[in-house]
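Asks: fold the following.
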Amino acid sequence: MTHLIPHLEINPKTPATATVIWLHGLGADGNDFAPLVPELKLPSAMAVRFIFPHAPEIPVTINGGYIMPAWYDILAINLEREIDEKQLLASSAAISSLIDREIERGIDSRRIIIAGFSQGGAVAYQAALSYAKPLGGLMALSSYFATHKTLVPNPANASLAIAIFHGIYDGVVNETLASQALQVLRNQGYNPVYKSYLMEHEVCMEEVADISRWLQQRLA
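Replies: Okay, the predicted model is just below:
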């Protein structure tokens, strides 16, 4: 049994038939998005299990080496984001192990969705696109495609459903990074849904409604 990354799990009232693995942003933890689960108002018949992994605590260079939960170190905040790619790949592997475990628990891989906010979204891109079995979808919230120059998508997820949601006033992850991800994905033959909101680096209620609608389309 692989040692799994620590995580919070919210189970449906009936045995789960689908799973959403949702990654938090820099400095947060798995509890960050848990309160959104009831706000999504998913039909109970969908029986969705939510898994919120906790990133390891590591020194973060851009924050003066301060130790905090992070999926990988950020070395510089330029537009491209200088990052520790080895750490990002290790975090992606930890998410792949969570996906493996869901399949072992009887969830069809096509009913597993990977979501991530900000830094968590960068890991979600890597984990979902490189996974060796077809997944149900990928959701990138206020995020960026950090490994777009090195990632070779797995053929199993060559037609993965992708949603990109971003705030137009985001001062942490500029919306140009989301547009860049959209362009890269289109060039690779993907057809992502893209929507921007009148918000900063956060989640708004209009977006929560869109997330719910998209999850219901994917898992109907």
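
Asks: most remote residue from this structure's center?
Replies: Within the chain, the residue lying farthest from the chain centre (Cα atoms, centre = their mean) is residue 64, at 25.9 Å.

Asks: phi, psi of it?
Replies: phi 70, psi 30 (degrees, to the nearest 10).

Asks: residues contacting the strand or helix carrying residue 210, please?
Replies: Taking DSSP states H and E as the criterion, the element that holds residue 210 is helix 205-219. With Cβ atoms under 8 Å, 6 or more residues apart in numbering as the test, helix 205-219 has contacts from 18, 20, 36, 39-43, 46, 48, 111, 113, 115, 136-137, 139, 141, 161, 163, 165, 193, 195, 197, 199. Placement of C-beta: from N, CA and C, glycine included.

Asks: at 6 Å what do you get?
Replies: Applying Cβ atoms under 6 Å, 6 or more residues apart in numbering, the contact partners of helix 205-219 are 18, 39, 40, 46, 136, 137, 161, 163, 165, 197.

Asks: which among those residues count as buried?
Replies: With burial judged by 16 or more other Cβ atoms under 10 Å, the buried subset of the contacts of helix 205-219 is 18, 40, 46, 136, 137, 161, 163, 165, 197.

Asks: from residue 71, how far out is the first one?
Replies: Spelled out, that is residue 18. 24 Å (Cβ to Cβ, to the nearest Å).

Asks: with the fourth one instead?
Replies: The gap separating residue 136 from residue 71 is 21 Å, by Cβ to Cβ.

Asks: and for the last one?
Replies: Here the distance between residue 197 and residue 71 works out to 23 Å (Cβ to Cβ).

Asks: please flag which of the contacts of helix 205-219 sit within strands.
Replies: 18, 137, 163, 165, 197 (DSSP state E).

Asks: the first one and residue 49 touch, don't they?
Replies: The reference is to residue 18. No: Residue 18 is beyond contact range of residue 49, at 7.1 Å (criterion: Cβ atoms under 6 Å).

Asks: for residue 88, which residues are in contact?
Replies: By Cβ under 6 Å, 6+ apart, residue 88 lies in contact with residue 72.

Asks: who's in contact with stretch 49-64?
Replies: 5-11, 16, 19-22, 29-30, 34, 37, 65, 67-71, 73-75, 77.

Asks: take the residues you listed and keep only those in strands.
Replies: Short answer: the contacts of stretch 49-64 in strands (DSSP E) are 7-10, 19-22, 67-69, 74-75.

Asks: neighbouring strands - and their directions - for the helix-or-strand element of the chain with minimal mean pLDDT?
Replies: Taking mean pLDDT, DSSP states H and E as the measure, the chain has strand 82-83 as its least confident helix or strand, at a mean of 88. Partners of strand 82-83 in the sheet, by DSSP bridges, are strand 74-76 (antiparallel).

Asks: who touches the partner strand?
Replies: Under Cβ under 6 Å, 6+ apart, the answer for strand 74-76 is 61, 62, 82, 83.

Asks: what's the local residue count around the closest residue to residue 166 other than its chain neighbours?
Replies: Among residues not flanking residue 166 along the chain, residue 178 sits closest, at 4.0 Å (Cβ to Cβ, 6 or more residues apart in numbering). The tally of other residues near residue 178 (other Cβ atoms under 10 Å) stands at 27.

Asks: next: residue 133.
Replies: The number of residues near residue 133, taken as other Cβ under 10 Å, comes to 14.
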